[in-house]
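Undergrad: Let's see this in three dimensions:
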Amino acid sequence: IAAIGDLDSRGGKWKAHHWIVERNTLERNRWGIFLQHADWFDLAANRFAGNAEGDVKDNGDVTALVVHEPRPGVDRAPQAVLEGPSRAEVGRPVVLDAGGSRDPGGHALQYRWYLGDGRSADGPRISPVYNSPGFYRLGLTVTNGTFSDLAWRDLYVVEPVGEIGTEGSGAAARWDWIDPRSRVSFAADRETRIAGESSLRAVVEPYGGERVGLRFPSSGDLGLAMKGKNSLVFWIRAVNENVPAWQNGNPVITLYESPSRFVRLEPRRDLLATPPYNEAREGWTYIVVPLGGDATWKREGGEITRLNALSIGFDSWGAPPLRIWIDGLAVR
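TA: Residues are numbered from 1 along each chain as shown. Below you'll find the predicted structure:
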């Protein structure tokens with residue numbers, strides 16, 4: 001059994017994370033269990049024999065490894081139950097409850113939580129507070145001292161903002177697009193949303209095959225003063241049926257004071273093809289665009305004092321329809 005995180009980054013991009021390895025027979029291998037760039041492993045009741053270079057091999061960067069010893073009368077694993085929301089607000093406690101977990105033999109349980117941001121906690125019920133918006137994969141291990149069970153939850157933490165163009169059918173009607181070869185229909189989506197009462201759904205069909213920009217407002221009269229503003233933020237969810245999907249930098253942001261005076265911000269890597277958290281690749285991704293540019297975002301153009309329109313641009317290798325949802329769009 002081998003559990004190995006990302007070798008190129010030495011576990012920096014991702015580790016083999018949150019495993020329970022129990023009741024296996026591992027005989028006549030080079031190693032029984034091989035771990036490298038791995039975190040949070042519980043081992044119990046594995047039988048080893050004749051493994052040439054060791055039964056459990058720690059090949060480096062292995063953390064939170066627990067080997068549980070057998071206990072008389074404990075012969076079955078508990079059942080982990082995790083109850084709690086999948087969406088929360090910045091600065092407000094999130095109640096996560098594992099009190100419904102059960103042990104078939106009636107043995108006392110221990111609870112270990114991983115909060116998805118480097119923090120951990122113990123106990124059957126916790127109320128963590130998250131101070132930054134984004135995606136967090138929560139993990140829970142419940143053990144009776146010998147055997148264990150796990151559960152997990154994907155949590156989106158949202159910061160309340162004054163949304164621009166992503167709330168309600170009136171806002172959806174004010175969008176248009178930049179690309180004569182494509183056609184885009186916009187609608188307020190109350191089912192697929194993450195902030196407020198609705199998201200903006202854009203269906204690009206037909207898609208012309210080159211960069212298409214979604215622009216708000218089409219009238220170019222937003223009139224938002226930029227003094228004191230330093231970032232554009234939004235959540236995005238996208239379905240691209242083409243293989244290999246996106247190309248070049250995505251998404252590209254353009255902020256217009258006028259058609260001839262604008263700022264363009266392009267990510268130095270494709271944020272849609274390589275999202276910051278792979279677990280949520282089919283869900284929502286939180287995007288923060290620094291208006292001054294940084295190591296992730298390349299900035300072109302002069303200063304603007306008033307934002308009258310903005311566009312969010314996408315480019316795909318092929319030309320199937322694109323489905324894109326945007327929510328929580330704001331300048332702050």
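Undergrad: if I've got this straight, Leu200 is in a strand?
TA: Yes: per DSSP: H, G, I helix; E, B strand; the rest coil, Leu200 lies within a strand segment.
Undergrad: Now for it, how many residues are close by?
TA: For Leu200, the count of nearby residues is 26 (other C-beta atoms under 10 Å). From N, CA and C alone the C-beta is placed, and that goes for glycine too.
Undergrad: cool, Asp154 as well?
TA: 16.
Undergrad: which non-adjacent residue is nearest it?
TA: Arg137 (5.7 Å; C-beta to C-beta, 6 or more residues apart in numbering).
Undergrad: Contacts only, for the one you found.
TA: By C-beta atoms under 8 Å, 6 or more residues apart in numbering, Arg137 lies in contact with Gly116, Trp152, Arg153, Asp154, Leu155, Tyr277, Glu279, Ala280.
Undergrad: Partner strands of whichever strand or helix holds it, with direction?
TA: Taking DSSP states H and E as the definition, one finds Arg137 inside strand 134-143. Sheet pairing here is set by DSSP bridges, and for strand 134-143 it gives strand 110-114 (antiparallel), strand 148-158 (antiparallel).
Undergrad: Settle this for me: Phe135 is touching Ile287, isn't it.
TA: No: under the criterion of C-beta atoms under 8 Å, Phe135 makes no contact with Ile287, lying 11.6 Å away.
Undergrad: what about those two, which has more around it?
TA: Ile287 (23 against 19).
Undergrad: Report the secondary structure state of the more buried one.
TA: Taking three-state DSSP, the label given to Ile287 is strand.
Undergrad: now swap in Ala171 and tell me
TA: helix.
Undergrad: again with Glu279
TA: helix.
Undergrad: what number of residues lie near it?
TA: Counted with other C-beta under 10 Å, Glu279 comes out at 15.
Undergrad: Now it: closest residue in space, sequence neighbours ignored.
TA: Arg137 (5.1 Å).
Undergrad: Show the low-confidence segments of the stretch 151-300 of the chain, by residue range.
TA: By pLDDT under 70, the stretch 151-300 of the chain has no low-scoring segment.
Undergrad: how about the strands of the stretch 201-332 of the chain, start to end?
TA: 212-216, 224-225, 231-240, 252-258, 261-267, 285-290, 297-301, 306-307, 309-314, 322-331 (DSSP state E, counting those that start in this stretch).
Undergrad: what lines up beside the last one in the sheet?
TA: When you say that, I think you mean strand 322-331. strand 199-204 (antiparallel), strand 231-240 (antiparallel).
Undergrad: CSV for those strands, including distance to Ser182?
TA: Output for the strands paired with strand 322-331, formatted as CSV (distance: least, C-beta to C-beta, whole Å):
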stretch, distance to Ser182
strand 199-204, 6
strand 231-240, 14
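Undergrad: Of the ones you listed, which stretch is the most buried?
TA: strand 199-204 (a mean of 23; mean count of other C-beta atoms under 10 Å).
Undergrad: which residues touch that one?
TA: Outside strand 199-204, the residues that reach it (C-beta under 8 Å, 6+ apart) are 165-166, 171-172, 175, 177, 182-189, 192-193, 212, 214, 235, 237, 314, 321-327, 329.
Undergrad: hang on, the earlier thing: tell me which of the strands paired with strand 134-143 lies nearest to Trp31.
TA: Judged by C-beta to C-beta, the one of those that comes nearest to Trp31 is strand 148-158, at 21.8 Å.
Undergrad: re the thing from before, so which of the strands paired with strand 134-143 gets nearest Ser218?
TA: strand 148-158 (27.1 Å).
Undergrad: between the closest one and strand 285-290, how many degrees?
TA: 40 degrees (axes from the mean of the first three to the mean of the last three C-alpha atoms, to 10 degrees).
Undergrad: Using CSV, write out every CA atom in strand 148-158.
TA: The C-alpha coordinates for strand 148-158 follow below in CSV (Å, rounded to 0.1, in the frame of the first residue of the first chain):
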residue,chain,number,x,y,z
SER,A,148,-11.3,4.4,13.4
ASP,A,149,-13.7,5.9,10.8
LEU,A,150,-13.6,9.2,8.9
ALA,A,151,-15.9,11.8,7.5
TRP,A,152,-15.4,15.0,5.6
ARG,A,153,-17.3,18.1,4.5
ASP,A,154,-16.6,20.8,1.8
LEU,A,155,-17.2,24.2,3.3
TYR,A,156,-17.5,27.4,1.4
VAL,A,157,-17.0,30.5,3.5
VAL,A,158,-18.5,33.7,2.0
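Undergrad: Could you tell me how far Val95 is located from Pro124?
TA: 12 Å (C-beta to C-beta, to the nearest Å).
Undergrad: Compare neighbour counts for these two and give me the winner.
TA: Pro124 (16 against 12).
Undergrad: I'd like the distance between the nearest residue to that one once chain neighbours are set aside and Thr143.
TA: Using C-beta to C-beta, 6+ apart and skipping residues adjacent in sequence, the residue nearest Pro124 is Gly99, 4.5 Å away. Applying C-beta to C-beta, the value for Gly99 to Thr143 is 15 Å.
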